[in-house]
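1. With the sequence up front, the predicted model follows.
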Amino acid sequence: MNEFKGRHFRGEIVLWAVRWYCRYGVSYRDVEAMMTERGVAVDHSTIYRWVQHFAPTMEKRLRWQWRHPQSASWRVDETYDKVRGRWAYLYRALDKLGNTIDFYLSATRHTKAATRFLGKALKGLKEWEWPEVLNTDKAPTSAAAIAELKAEGKCPTGTRHRQARYLNNVVEADHGKLKLLVRPVRGFKTLKTAYATIKGFEVMRALRRGPARHFALEGGIVGEARLIERALGLGPGALTVAVALLQDRLDIAGT
């Protein structure tokens, strides 16, 4: 299936806009100006629609690449964002090395939301990726959610719950970096559009510093861009790229 059919722009151009918006903390009008500098005339409202469609697609297609905990000690916390003038709650889990494990946006902050988030974070993980320790703040909803998931068999019974605020400094600091990306939005209109946009922010941050960077064969920002393009069916496949890179290295070694 061609993800870019009917977009009136080449897929690479669409992904320029989506990646820039989700990576650099700029407004839609800023991205419009950046595109204009490169000879692409596109309205900021069109870029908005691209982000709403392709940011969740990027997060879904690349999920198996960036979502690999590197530590059995998790940091779990929530932060806040305004959606149509009301607070919404962004639940986030990182390992102790700062790698993103998962996230979930909820209109409410209660045990049901915490349970839904932790269930989502634990779902699909291999046995060796299960957490040994879940570090949270003193919120009673976390303890209740963990107990409920253990009773349902969705959380390992051996996982310890540790409530120590200072241990969550890693995730607290990461909240601040994420908010630098959210700030130019100046308020989301609906929970759906907020979640779609945040998925783009989260996946771009995960690609920069998480396990997914090992899949970026070329390395650096170019490798990151090519990884996203391959995930959406653009450009040569990973095997073709790997063979070409190996051939280049052999050619250099032979000179």
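-> Sure thing, it's come through.
2. so what's the residue lying closest to Val170 once chain neighbours are set aside up against?
-> The spatial neighbour of Val170 that comes closest, neighbours along the chain excluded (Cβ to Cβ, 6 or more residues apart in numbering), is Arg75 at 5.1 Å. For every residue, glycine as well, the C-beta is placed using N, CA and C. Each residue near Arg75 by Cβ atoms under 8 Å, 6 or more residues apart in numbering is listed here: Ala93, Leu94, Asp95, Lys96, Asn135, Leu167, Asn168, Val170, Val171.
3. List the buried residues in the helix or strand harbouring Arg75.
-> Arg75 is located in strand 73-83, with elements delineated by DSSP states H and E. When burial is assessed from 16 or more other Cβ atoms under 10 Å, strand 73-83 yields the following buried residues: Ser73, Trp74, Arg75, Val76, Asp77, Glu78, Thr79, Asp81, Val83.
4. Pretty sure the second one sits against Pro131.
-> Yes - checked against Cβ atoms under 8 Å, the pair Trp74 and Pro131 is within contact range at 4.5 Å.
5. Return the distance of stretch 141-148 from the chain's centre.
-> 24 Å (Cα atoms, centre = their mean, to the nearest Å).
6. that older thread, which pair in the buried residues of strand 73-83 spans the largest distance?
-> Spatially, the most separated pair among the buried residues of strand 73-83 is Ser73 and Val83, at 31.3 Å (Cβ to Cβ).
7. May I see the buried residues of strand 73-83 organised as JSON lines, with distance to Leu62 added?
-> Putting those into JSON lines (distance: Cβ to Cβ, whole Å) gives the following:
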{"residue": "Ser73", "distance to Leu62": "24"}
{"residue": "Trp74", "distance to Leu62": "21"}
{"residue": "Arg75", "distance to Leu62": "22"}
{"residue": "Val76", "distance to Leu62": "22"}
{"residue": "Asp77", "distance to Leu62": "23"}
{"residue": "Glu78", "distance to Leu62": "24"}
{"residue": "Thr79", "distance to Leu62": "23"}
{"residue": "Asp81", "distance to Leu62": "23"}
{"residue": "Val83", "distance to Leu62": "25"}
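8. among these, which one has the lowest pLDDT?
-> Taking these together, the minimum pLDDT is found at Asp81 (89).
9. Which strand residues bridge that residue?
-> Bridge pairing for Asp81 (DSSP bridges) gives the partners Ala88.
10. was I right about it contacting Leu178?
-> No - counting by Cβ under 8 Å, Asp81 does not reach Leu178; the two are 9.3 Å apart.
11. What is the neighbour count of the nearest residue to Ala72 once chain neighbours are set aside?
-> Excluding the flanking residues, the one nearest Ala72 by Cβ to Cβ, 6+ apart is Glu132, at 3.9 Å. Applying other Cβ atoms under 10 Å, we find 12 residues neighbouring Glu132.
12. and Glu132, how far is that from Lys96?
-> Here the criterion is Cβ to Cβ, to the nearest Å. By it, Glu132 lies 11 Å from Lys96.
13. Now do the shared contacts for those two.
-> Ser73.
14. Okay, now the unreliable bits of this structure?
-> 1, 217, 236-251, 254-255 (pLDDT under 70).
15. Do a quick rundown of the helices in it.
-> In the chain, the helices defined using DSSP state H lie at 11-24, 28-37, 44-61, 63-66, 111-122, 140-151, 169-182, 191-209, 220-231, 238-254.
16. Please identify which of those helices is closest to Phe4.
-> helix 11-24 (4.0 Å).
17. helices and strands around that closest one, which ones?
-> Other helices and strands packing on helix 11-24, by 3 or more Cβ pairs under 8 Å, 6 or more residues apart in numbering; DSSP states H and E, are helix 28-37, helix 44-61, helix 191-209, helix 220-231.
18. Switch the ones you listed over to TSV; also include mean neighbour count and distance to Trp16.
-> Shown next, in TSV, are those (neighbours: other Cβ atoms under 10 Å; distance: least, Cβ to Cβ, whole Å):
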stretch	mean neighbour count	distance to Trp16
helix 28-37	16	7
helix 44-61	18	10
helix 191-209	21	13
helix 220-231	17	8
